[in-house]
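Engineer: Next one to model:
(chains A and B)
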Amino acid sequence: MADTSHGTGGLTFDKSKRSWPNEMNIFMALIIIVVLFEVLGQVLPYMKGQSFLFDTRGNFDSIFNEARLQIIILQVAVIGIIAIGVTQVIITAGIDLSSGPLVAATAMIAMSFGQTELVNGNPNPKAIFGLWAMDLPVIVPIVIGISFGGLIGAINGTFVAFLRIPPFIATLGMFLICRGIALWWSSGRPVSFPTESYKFIGSGMMPVVWFLLLAVIFHLILRYTVYGKHTYAIGSNEEAARMSGINVKRHKVIVYMLASMLAAFAGIVLSSKGATAQAGMGEFYELFAIAMAVIGGISLTGGRGSIIGTVLGAMVIGVIRSGFTYIKLDGSYQLMAMGGIIIAAVVLDQYRQRNRA
Amino acid sequence: MSEQIVLKTEDLTKHYGGVHALEGANFEMRRDEHVAIMGDNGAGKSTFVRQITGVEQRTRGNVWLNGEEVDFAGPLDAREAGIETVFQTLALADDLDVPDNLFLGREKTYADWLGPFRILDYKAMRQATIDGLNKTGVKIPNIRNTIRNMSGGQRQCVAIARTATFHSKLTIMDEPTAALGVQETAQVEAIIRTLKEQGEPLILVSHNMRQVMDLVDRIVVFRRGRMVANLKKEDTDGQDIVAYITGAKTGEEFMEHAT
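Structural biologist: Numbering: from 1, shown residues only, chains lettered A, B, ... in the order given. Modelled structure (predicted):
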């Protein structure tokens, strides 16, 4: 690689001046938070010298407390999948508030095509459709669910790009519409008893597998494809993107579609994980997904942010949740702490931006 | 039509509702020429540029590029046809680096069958960027720096280098030095001279009389949406041009329209 110099006209660039990538800060913050909980665990009198991170029970042959690590990431995996899409939307200087209710609506719709005919030898008591919709191959509910997400995303994107409705308003409307769809689908009754293969999608650590797999795929897409470059360009300077010949409207529709398809997939995973779908599912998911992206260093004015940042943001939220449980503090403190951290993340980021260049 | 004419417009007109921003512009330039467009604010300079570059759709009139009649649906069409423009509002994406901006909307890629997900050829774009910047003498310490972290002069140089990198048939600059300091202006002017030496035709929209007299061969003056003068540099001076700009004088061939 001709990486030795990126200068022209005889000028060269001092590599030691290269700025510290934004993601490193979040990673440092993550480590600090983990250390903080570790120290708290040692110091607090009622904790009896437990460890947050390390295996102290000695009955497992490992250094780390694997169960805790698994829980940390498992509990953010579903929202993390949504956050991957929301990150892309925010990079284009948009926002997507509809993802939480879309999770619920998709969960209901997808699972009604993934039900099993017989439960313990009796007909499925929660059946939505007749026998024709029972024991379908698992691809059917997945395709239906993701297509539904794509449709909702296409509507979001059309309103934002072609009708120039502010993204906040367009997706707020869709937020209510999707919650309505979730309630209307089965008149408020939960959908349950999925097929074995449907249950597998979200079983065990599968949500984490999906989350990390999708994160890697979309990281590569954002960094190495034309789609990714144009997404950043639009958020950075929409007018410049337009003048450079980028089809900004079509691109935005694609971004919103992908975001909603990811949220729809999260809905499928979530319903599979709990083996049930309810209209009230996914409450506040859209806000937590946005919070992950924000903690991950995204700029709500567009152009900046990354999937790596969002994954780290998700980890921060996961660590805080499980840390508070670990030091036996109530959920109410968790919410307050998380709120504080989101604000702190933005304040620190703005401070850093101002002190640069 | 002569082979030498790179751009010609006839009766080029743009109305914004009731506002006649540009009225019947007949313009012509040869391949080896650098032409300045001058005029007061709102005289129609930028409107004229926007019609040629396809950023807006003209109300009436015809445009020929290299003897071929053209009708651009958008700025990309114009760019593909070989008209490169440096806009007044710099059309740069602040969060992207230099190669990204140079190649924005026309990236070098692999695996084109992937459609919007085709893969960027960063290495080739970087190399082409370095070559292009060196050709025009643009000095930038690190092309992988984002535009946000660059000075006004560097930004302007990147915007201009974009035009120079892509062997354009015609380069248009809309007030390239309006927001720049003395040194940065000098750097931009040096690039313009380089383009002149390489025989690249250029339209320069500018308010800066010294700059115009230094750099171009011919000066076209707009006033209230109409062309009012078409002057060779040798036949005119600053005083004379100001007279045309303010309306104290009107070129003979444009008399019939002037009111």
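
Engineer: From now on I want contacts and neighbour counts done on CA atoms only, so please keep to that.
Structural biologist: OK.

Engineer: residues from the stretch 51-200 of chain B in reach of chain A?
Structural biologist: Residues of the stretch 51-200 of chain B found near chain A (Cα under 8 Å from any Cα of the partner chain) are B:55, B:74-76, B:90-96, B:100, B:104-105, B:107, B:109, B:116-120, B:123, B:130, B:133-134, B:137-144, B:149-150.

Engineer: In ChimeraX, how would I select just the buried ones from these?
Structural biologist: The buried residues among these can be selected in ChimeraX (16 or more other Cα atoms under 10 Å in any protein chain shown) with this line:
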select /B:55,74,75,76,90,91,92,93,94,95,96,100,104,105,107,109,117,118,119,120,130,133,134,137,138,139,140,141,142,143,144,150
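
Engineer: Just to be sure, which of the residues of the stretch 51-200 of chain B next to chain A are found in strands?
Structural biologist: Among those, the members found in strands (DSSP state E) are B:T109, B:I119, B:L120.

Engineer: closest to chain A among the residues you listed?
Structural biologist: B:I119 (4.4 Å; Cα to the nearest Cα).

Engineer: What segments of chain B are helices?
Structural biologist: Ranges of helices in chain B, per DSSP state H, are B:45-52, B:75-81, B:98-102, B:122-136, B:152-165, B:182-197, B:209-215, B:238-246.

Engineer: same question but for the stretch 51-200 of chain A, I mixed them up
Structural biologist: In the stretch 51-200 of chain A, the segments counted as helices under DSSP state H, counting those that start in this stretch are A:66-91, A:99-112, A:139-161, A:167-185, A:196-201.

Engineer: Tell me which other helices or strands the first one touches.
Structural biologist: Counting by 3 or more Cα pairs under 8 Å, 6 or more residues apart in numbering or on different chains; DSSP states H and E, the packing neighbours recorded for helix A:66-91 are helix A:206-224, helix A:226-236, helix A:248-274, helix A:285-295, helix A:307-326.

Engineer: Pick the most buried one from the helices of the stretch 51-200 of chain A.
Structural biologist: Among those, ranked by average contacts under mean count of other Cα atoms under 10 Å in any protein chain shown, first place goes to helix A:99-112 (a mean of 32).

Engineer: Just want the angle from it to helix A:248-274.
Structural biologist: Helix A:99-112 and helix A:248-274 are oriented at 60 degrees to each other (axes from the mean of the first three to the mean of the last three Cα atoms, to 10 degrees).

Engineer: between helix A:99-112 and helix A:167-185, how big is the angle?
Structural biologist: Here helix A:99-112 runs at an angle of 30 degrees relative to helix A:167-185 (the same axes, to 10 degrees).

Engineer: I'd like to know the average pLDDT value across stretch B:107-121.
Structural biologist: Stretch B:107-121 comes out with an average pLDDT of 87.

Engineer: could you dump it to PDB, C-alpha only?
Structural biologist: Provided in PDB are the C-alpha atoms of stretch B:107-121 (Å, rounded to 0.1, in the frame of the first residue of the first chain):
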ATOM      1  CA  GLU B 107     -16.900   6.000  -7.400                       C
ATOM      2  CA  LYS B 108     -14.500   3.500  -8.800                       C
ATOM      3  CA  THR B 109     -15.900   0.100  -7.900                       C
ATOM      4  CA  TYR B 110     -15.500  -3.700  -8.100                       C
ATOM      5  CA  ALA B 111     -18.300  -6.200  -8.500                       C
ATOM      6  CA  ASP B 112     -20.700  -3.900 -10.200                       C
ATOM      7  CA  TRP B 113     -23.400  -6.600 -10.300                       C
ATOM      8  CA  LEU B 114     -24.000  -5.900  -6.600                       C
ATOM      9  CA  GLY B 115     -25.900  -2.700  -7.600                       C
ATOM     10  CA  PRO B 116     -26.000  -0.200  -4.800                       C
ATOM     11  CA  PHE B 117     -23.800  -2.500  -2.700                       C
ATOM     12  CA  ARG B 118     -21.000  -2.600  -5.200                       C
ATOM     13  CA  ILE B 119     -17.600  -2.500  -3.600                       C
ATOM     14  CA  LEU B 120     -15.500   0.700  -3.500                       C
ATOM     15  CA  ASP B 121     -12.000   0.600  -4.900                       C
END
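
Engineer: Could you list the low-pLDDT ranges of the chain?
Structural biologist: By default, I'm working from chain A. A:1-7, A:9-19, A:49, A:55-63, A:355-357 (pLDDT under 70).

Engineer: Let me rephrase: I mean chain B.
Structural biologist: In chain B (pLDDT under 70), the answer is B:1-3, B:88-90, B:167, B:256-259.
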